[in-house]
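**Student:** show me the folded form of this:
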Amino acid sequence: MKQRTIGGRTVSAIGLGGMPMSIEGRPEARRSIATIHAALDAGVTFVDTADAYHRDAAEVGHNEELIAGALRTYGRGADDVLVATKGGHLRPGDGSWTVNGDPAYLKRAAKESAKRLGVEAIGLYQFHRPDPRVPYADSIGAIRDLLDEGVIRMAGISNATVDQIDEANQILGGRLDSVQNQFSPRFRSSLRELEHCAELGIAFLPWSPLGGIANAPELSAQQAAFREVADEVGVSVYRVTLAWELALAPVVVPIPGASRPESIRDSAAATDVELTPEQISRLSAA
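**Tutor:** Residues are numbered from 1 along each chain as shown. Got it, this is the predicted structure:
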């Protein structure tokens, strides 16, 4: 597994997104744990979760607890895994998503996440989504305080614009380590943020890098250029997609979601795919 950097940490170039293992349509816990263990076997050392990755209202932190348990049962081989979690998003239990960027809430949420993960300090904590009712600077101020207090070791933001990246980095005193935005062949509106992160040396973590739970199965049918390159290289269209994203900038660390061992094994193998400059240009223009 090739490596990349988030803040001061070296991690696998492909991470694992935990959301599909905890929301609607989730598999039984045994399969989810097998998926996490398969990721570690494949060399994945970066796992992304959030306290909002749950289905029912009374199970906040379901995915955090699932991941923490899987890492414990894996043993010492999981010691170098960086777990990133997020706060500021909520799920009332009716299938909807709401936001809460109140500084006091974010501080409580981070401490509760640390307990669920079983850590003294969270490796990477990200503000999940801006709350239009709360000034962005106030929410990021809470992340700064968590960093200063040692509750978290690294700080990030998610679903952010270029201006918000700059504002957050300024408030954090140049200590913004990651930006997690949606990015995939069908959703490229965050390309500007990706390029900005590359200029600043901040890790860019594409979520739903294969198009999301509902759309990933249609990737081959919807993206002819990616299917063609996959046929040329002789690998899955999913591997080609992740290899293309890795080729866009050295700060990119895709976090494909998975709930099956075979899915994350295929995604992890994307670091072995060597695309030609012509193929990369063709995919970028598609």
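
**Student:** ranges for the helices of this structure?
**Tutor:** For the chain, applying DSSP state H gives helices covering 29-41, 62-74, 103-117, 136-149, 162-171, 191-200, 219-222, 224-233, 237-248, 261-268, 277-285.

**Student:** residues of the lowest-mean-pLDDT helix or strand in the chain that come out buried?
**Tutor:** Ranked by mean pLDDT, DSSP states H and E, the weakest helix or strand in the chain is helix 219-222, scoring a mean of 89. Within helix 219-222, the residues scored as buried using 16 or more other CB atoms under 10 Å are 219-220. The C-beta positions use only the backbone N, C-alpha and C, and glycine is treated the same way.

**Student:** what do you get for stretch 47-66?
**Tutor:** Buried, per 16+ other CB under 10 Å, within stretch 47-66: 47-55, 60-66.

**Student:** so who does the closest residue to residue 19 other than its chain neighbours touch?
**Tutor:** Once flanking residues are discounted, residue 19 sits nearest to residue 53: 4.7 Å by CB to CB, 6 or more residues apart in numbering. With contact set as CB atoms under 8 Å, 6 or more residues apart in numbering, residue 53 has these partners: 18-19, 21-23, 62-64.

**Student:** from these, which is closest to residue 209?
**Tutor:** Nearest to residue 209 among the contacts of residue 53 is residue 19, at 12.5 Å by CB to CB.

**Student:** shouldn't that closest one be in contact with residue 64?
**Tutor:** No. Look at residue 19 against residue 64 with CB atoms under 8 Å: they stay out of range, at 11.3 Å.

**Student:** find residues that contact each of these two.
**Tutor:** In contact with both residue 19 and residue 64: 49-50, 53, using CB under 8 Å, 6+ apart.

**Student:** could I have stretch 22-42 exported to CSV, CA atoms only?
**Tutor:** Provided in CSV are the C-alpha atoms of stretch 22-42 (Å, rounded to 0.1, in the frame of the first residue of the first chain):
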residue,chain,number,x,y,z
SER,A,22,-24.1,1.8,10.3
ILE,A,23,-26.9,3.6,8.4
GLU,A,24,-30.0,2.3,6.6
GLY,A,25,-29.3,-1.0,4.8
ARG,A,26,-26.4,-1.8,7.0
PRO,A,27,-25.2,-5.4,7.3
GLU,A,28,-24.9,-7.5,10.4
ALA,A,29,-22.0,-6.5,12.7
ARG,A,30,-20.1,-9.7,11.9
ARG,A,31,-19.7,-8.7,8.2
SER,A,32,-18.8,-5.1,9.1
ILE,A,33,-16.1,-6.3,11.4
ALA,A,34,-14.8,-8.6,8.7
THR,A,35,-14.8,-5.7,6.3
ILE,A,36,-12.7,-3.6,8.7
HIS,A,37,-10.3,-6.4,9.3
ALA,A,38,-10.0,-7.0,5.5
ALA,A,39,-9.1,-3.3,5.1
LEU,A,40,-6.3,-3.6,7.7
ASP,A,41,-5.1,-6.8,6.0
ALA,A,42,-4.8,-4.9,2.8
